[in-house]
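Asks: Sharing a sequence plus its predicted fold:
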Amino acid sequence: MGIERVSTGIPELDKLIEGGIPKNFANVFYGRPGTHNSMFARVFACEGLVKGENVLYITYDRPPELLVTIMKDILTARGRSEGQIERDLGNLTIIDCWSWRRMTEEGSPVDRAIYVKNPIDTQQVFNKVKEYALSHEEGGRAVLESLTGLTSLTYGETAREISEMFKILKGFLRNQNFTQVYVLYAGAYKNTVVPLLYSMDGIFRTRRRLEGSKYRFFLSIERLFATNHPVELIEFIPSKSGIKLLTAV
């Protein structure tokens, strides 16, 4: 019996990885800032919304209202009507670890967002995730943007403590039938990032190359659980409404 798979939302990528990423496993899009790894995670989330799945999005790096605007752009590009988009977004829950920066007591400005008053307290964040997941027994998709943002807030904790917390979070979500995508930026907090990176079931790495006055962008699949996949760099074109894969180089 084969492994059940979950679509990434990018048909060209699904074809390269036997139909999608393995269900309930943890995967990371990893690259330096400016390589659009977060867009892969957002497209993955929107694919779940279109399919009527539960989508949990933990945001450390972007205001929740901006995240919703980006998702609306992605859904519009997929041909969803205004009414369909509203229904799609009804399946989205955001754990808001960004709005504490506003220094107000008003909480999150977005409906269906769970405000975390003190995201520096990782236990508080985990409790919000746990409460949500236990109330959605059918599972779904979970995205954390980004692990680097989490690390930047919890710099007082040791790399080992952060790594152990992540392993607990990853294992819990897997047991609750959530397929997970994490965003992780290269170039900072190396002692913490490396253990997080190599505890993933799948690693997708994004890169960019300056040619003349323009950047070209590339994806490599460095590891993916129980999946045959290409080892070559795959060029992609990012936009505000999605990702298009080109040919391997």
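Replies: Thanks, I have the structure now. Numbers count the residues shown, from 1 in each chain.
Asks: Figure out the helix or strand that S220 lives in.
Replies: strand 214-224 (DSSP states H and E).
Asks: Adjacent strands (with direction) for that strand?
Replies: Strands adjacent to strand 214-224 in the sheet, as given by DSSP bridges, are strand 202-211 (antiparallel), strand 234-239 (antiparallel).
Asks: Give the burial count for the closest residue to R5 other than its chain neighbours, as a bare number.
Replies: Spatial nearest neighbour of R5, chain neighbours left out: G20 (3.6 Å); criterion: C-beta to C-beta, 6 or more residues apart in numbering. Using the backbone N, CA and C atoms, a C-beta is placed for each residue, glycine as well. Using other C-beta atoms under 10 Å, G20 has 21 neighbouring residues.
Asks: Verify the stated contact: G20 with G9.
Replies: No. Under the criterion of C-beta atoms under 8 Å, G20 makes no contact with G9, lying 9.2 Å away.
Asks: re the thing from before, mind listing what's buried along the strand holding S220?
Replies: 216-221, 223-224 (16 or more other C-beta atoms under 10 Å).
Asks: still on that earlier bit, contact partners for the residue nearest to R5?
Replies: For G20, the contact set (C-beta atoms under 8 Å, 6 or more residues apart in numbering) comprises 5-8, 14.
Asks: Quick check: chain neighbours aside, which residue is closest to N54?
Replies: Using C-beta to C-beta, 6+ apart, the closest residue to N54 is G140 (3.1 Å).
Asks: residues near the one you found, how many?
Replies: With other C-beta under 10 Å as criterion, G140 counts 24.
Asks: any idea how far the helix-or-strand element of the chain with minimal mean pLDDT is from the chain center?
Replies: Least confident helix or strand of the chain, by mean pLDDT, DSSP states H and E, is helix 190-197 with a mean of 75. Distance, stretch centre to chain centre, for helix 190-197: 17 Å (C-alpha atoms, centre = their mean, to the nearest Å).
Asks: Stretch 169-184 now?
Replies: Going by C-alpha atoms, centre = their mean, where stretch 169-184 is centred and where its chain is centred differ by 10 Å.
Asks: Give me the average confidence score over it.
Replies: For stretch 169-184, mean pLDDT is 96.
Asks: so how far is the first residue of it from its last?
Replies: End-to-end span of stretch 169-184 (C-alpha to C-alpha, to the nearest Å): 16 Å.
Asks: Same question for stretch 12-20.
Replies: 10 Å.
Asks: buried set for it?
Replies: Buried residues in stretch 12-20 (16+ other C-beta under 10 Å): 13-14, 16-20.
Asks: model confidence over it, on average?
Replies: 96.
Asks: what's the longest helix seen in the chain packed up against?
Replies: The longest helix of the chain (DSSP state H) is helix 159-175. If you count contacts as 3 or more C-beta pairs under 8 Å, 6 or more residues apart in numbering; DSSP states H and E, helix 159-175 packs onto strand 26-31, helix 122-134, helix 147-153, strand 178-185, helix 190-197.
Asks: Check what pLDDT T247 gets.
Replies: 71.
Asks: low-confidence ranges in this structure?
Replies: 1, 154-159, 188-190, 248-249 (pLDDT under 70).
Asks: Which element, helix or strand, includes the closest residue to L13 other than its chain neighbours?
Replies: The shortest distance from L13 to any non-neighbouring residue, by C-beta to C-beta, 6+ apart, is to L245 (5.6 Å). Assigned by DSSP H and E, L245 belongs to strand 242-248.
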